[in-house]
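> have a look; sequence and predicted model below, questions after that.
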Amino acid sequence: MDRSSRRGVVLVLVASLLSLLAMICVVMTHMMASGRGMARARIDDSRAGLLARSGVEMALARLSGSTAFPSVRTASNQRGDWRYRDDPAVPVGRAHNPSYAAGEPYEDVTADGRYESSAASADGFTPSVHDRDGDGRHTGFSGRLRGALASYGDTFALRIDDESAKINVNGGFVDRGNRDADLGDPTPDHRDVAVGPEPATAAATGRGWNGQLRRILDILGMVREDADGDGTLDAGEDWDGDGVLDPAPIGVADLGRIVIEGRPAGGYTDIRVVEDVVAAASGIRPDLTPYLTVSSWVDTKVVRPNVHEVQTVTVYQDVSEWMLARPPLRVEEGGRPPVNLNGANRAVLQSVLTGLRGLCGYSIEYPRNYTISAAIASGAADRIVAQRPFSTWRQFSDFCDSLAPSVISGMNVSGGPVPPGNGDYQTHGAGNLAGCDILKANFDPNTRLNKTLPDQVLYRWVDKTDLLVWSTEGSLGPTGTFGIESLGRVRDVRGDPVAASTVRR
């Protein structure tokens with residue numbers, strides 16, 4: 001090989017080496033850029049997680065100071081209100097009105113203390129005036145820190161739920177005992193929808209809280225805006241004010257049976273476990289968070305109603321015979337978890353109202369049974385939402401009296417004789433008054449017995465011992481258990497999300 005040939009080989013080797021080095025440089029540059037991106041993403045994820053935890057800590061600090069909330073919702077008091085002002089079905093990631101809302105300003109055209117963009121007279125939001133994060137639309141959040149990518153880039157949004165405003169699926173008997181084994185029922189109590197209070201008798205079957213809980217949850221599973229089933233949106237039936245007849249928010253038949261028969265000993269520990277049980281049994285996985293809870297205070301000092309259904313003509317000679325015909329009055333074994341009437345949503349309210357039934361002692365000789373129908377329950381729930389908050393049980397009692405005859409009218413009659421020559425009793429007299437008193441007896445935790453009360457002003461047609469079908473007591477404020485969901489978000493200068501993290505407590 002001559003000198004010129006060797007020089008050509010060296011040239012090729014040098015060119016190849018330079019190409020290899022260039023490729024290495026490109027790969028290294030790409031790896032360094034990817035590393036920086038991964039590091040940036042990890043930092044953003046950490047920031048989002050810290051933001052979410054900061055939201056939880058802020059919520060705990062503010063709730064420990066006060067759980068009071070404004071009686072009238074306005075845009076100016078939204079920042080100090082722990083309640084979630086969006087519809088319960090709206091996830092916190094899409095909330096415009098989260099708890100302790102401190103988000104972007106808006107013009108409250110609808111005058112309801114919440115940003116609403118889909119109403120007929122939508123609230124005003126002008127990006128050039130109100131937009132803080134640069135995404136061109138209204139953004140709700142509960143707090144923020146100085147953003148690393150944008151001044152309003154690091155925020156957290158809170159959803160605080162009063163667990164006592166929901167139905168507790170762990171009420172009643174949740175142990176492995178079998179109180180009705182003598183009646184031939186092998187089902188353990190925590191899964192038994194028929195177990196009654198002790199002593200176990202055939203008459204007590206299904207009259208414990210397990211049985212009532214199943215009935216309430218069955219109603220909740222299919223409750224919807226169209227309470228009377230006529231296919232039209234009647235007055236008071238539009239829960240969200242959108243003018244559209246919406247379907248049942250849960251849409252699961254036999255929800256009570258599914259929940260109780262799938263309940264583990266000791267009760268459920270997480271609402272997501274309840275959703276798993278429902279999904280496995282029905283093929284539907286609804287979001288049960290706005291409606292059910294696994295943890296709320298249980299009142300162990302409420303009495304269990306002790307009257308039986310009147311199906312035939314029953315004539316009592318005096319009050320003593322009326323009272324002696326009943327079983328002894330007992331405290332509800334296992335207690336009942338009350339529902340906060342000032343915080344419960346429409347679905348929960350209608351579920352605990354529908355089907356309430358009481359024995360009205362208009363006359364000792366002619367007792368009658370009255371029932372709160374689904375249509376009456378819908379109207380009562382609508383009025384509760386419109387007129388709450390209630391601060392005392394006297395105020396709630398006066399409210400119940402105001403429901404007749406505008407809401408409570410033409411009460412259903414299902415048994416017992418008709419008093420001779422007393423048609424007014426059946427329509428505009430004691431029937432409607434009994435309906436009002438059924439609500440008082442069911443929700444007021446105070447027993448307030450009336451059978452020997454001589455004061456007609458204080459007398460009630462139905463007291464707690466007269467309830468044939470009951471739900472649970474009410475409360476007029478939170479009973480101490482809250483669910484907190486905090487969503488931390490990091491956005492870039494364009495307002496686009498780059499990281500998010502959720503913490504629940």
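Arrived safely. Just so we're clear, the structure is a prediction, and the values are computed from it rather than from any experiment.
> so which elements touch the helix ranked longest in the chain?
The longest helix of the chain (DSSP state H) is helix 3-65. Judged by 3 or more C-beta pairs under 8 Å, 6 or more residues apart in numbering; DSSP states H and E, helix 3-65 is in contact with strand 143-145, strand 154-162, strand 482-491, strand 497-504. Any C-beta I mention is one placed from the backbone N, CA and C, and that applies to glycine too.
> quick one: that helix to strand 154-162, angle?
40 degrees (axes from the mean of the first three to the mean of the last three C-alpha atoms, to 10 degrees).
> mind checking what secondary structure Ser117 has?
coil (DSSP: H, G, I helix; E, B strand; the rest coil).
> show me what contacts Thr155?
Applying C-beta atoms under 8 Å, 6 or more residues apart in numbering to Thr155 gives the contacts Leu51, Asp133, Thr139, Phe141, Ser142, Gly143, Arg144, Leu145, Gly488, Arg489, Arg491.
> grab the nearest non-local neighbour of it.
Phe141 (3.8 Å; C-beta to C-beta, 6 or more residues apart in numbering).
> and that neighbour, backbone torsions?
Phe141 adopts backbone torsions of phi -150, psi 170, taken as degrees, to the nearest 10.
> what pLDDT does it get?
Per-residue pLDDT puts Phe141 at 92.
> how many residues are close by it?
Using other C-beta atoms under 10 Å, Phe141 is surrounded by 26 other residues.
> quick one: it from Gly37, how far?
26 Å (C-beta to C-beta, to the nearest Å).
> quick one, strands of the stretch 401-505 of the chain?
Secondary structure of the stretch 401-505 of the chain (DSSP state E, counting those that start in this stretch): strands at 412-413, 467-469, 474-475, 482-491, 497-504.
> and these: which comes nearest Gly221?
Closest to Gly221 of the strands of the stretch 401-505 of the chain, according to C-beta to C-beta: strand 467-469, at 17.5 Å.
> helices and strands around the closest one, which ones?
strand 357-360, helix 430-443.
> what's the closest of these to Gly65?
Of these, nearest to Gly65 by C-beta to C-beta is helix 430-443, at 28.6 Å.
> what helices or strands is the closest one leaning on?
Checking 3+ C-beta pairs under 8 Å, 6+ apart, helix 430-443 ends up next to strand 357-360, strand 368-371, helix 393-402, strand 467-469.
> can you pull the contacts of Arg448?
Lys440, Ala441, Arg460, Asp463, Lys464.
> returning to that earlier point: for the helices and strands packed on helix 3-65, state which one has the densest average packing.
strand 154-162 (a mean of 26; mean count of other C-beta atoms under 10 Å).
> break this structure into its domains for me.
43-161+481-504, 167-289, 298-480 (automatic domain parsing).
> follow-up on the earlier one: would you turn the strands of the stretch 401-505 of the chain into JSON lines with distance to Val174 and mean pLDDT?
Formatted as JSON lines, those follow (distance: least, C-beta to C-beta, whole Å; pLDDT from 0 to 100):
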{"stretch": "strand 412-413", "distance to Val174": "34", "mean pLDDT": "48"}
{"stretch": "strand 467-469", "distance to Val174": "22", "mean pLDDT": "87"}
{"stretch": "strand 474-475", "distance to Val174": "21", "mean pLDDT": "94"}
{"stretch": "strand 482-491", "distance to Val174": "20", "mean pLDDT": "92"}
{"stretch": "strand 497-504", "distance to Val174": "23", "mean pLDDT": "90"}
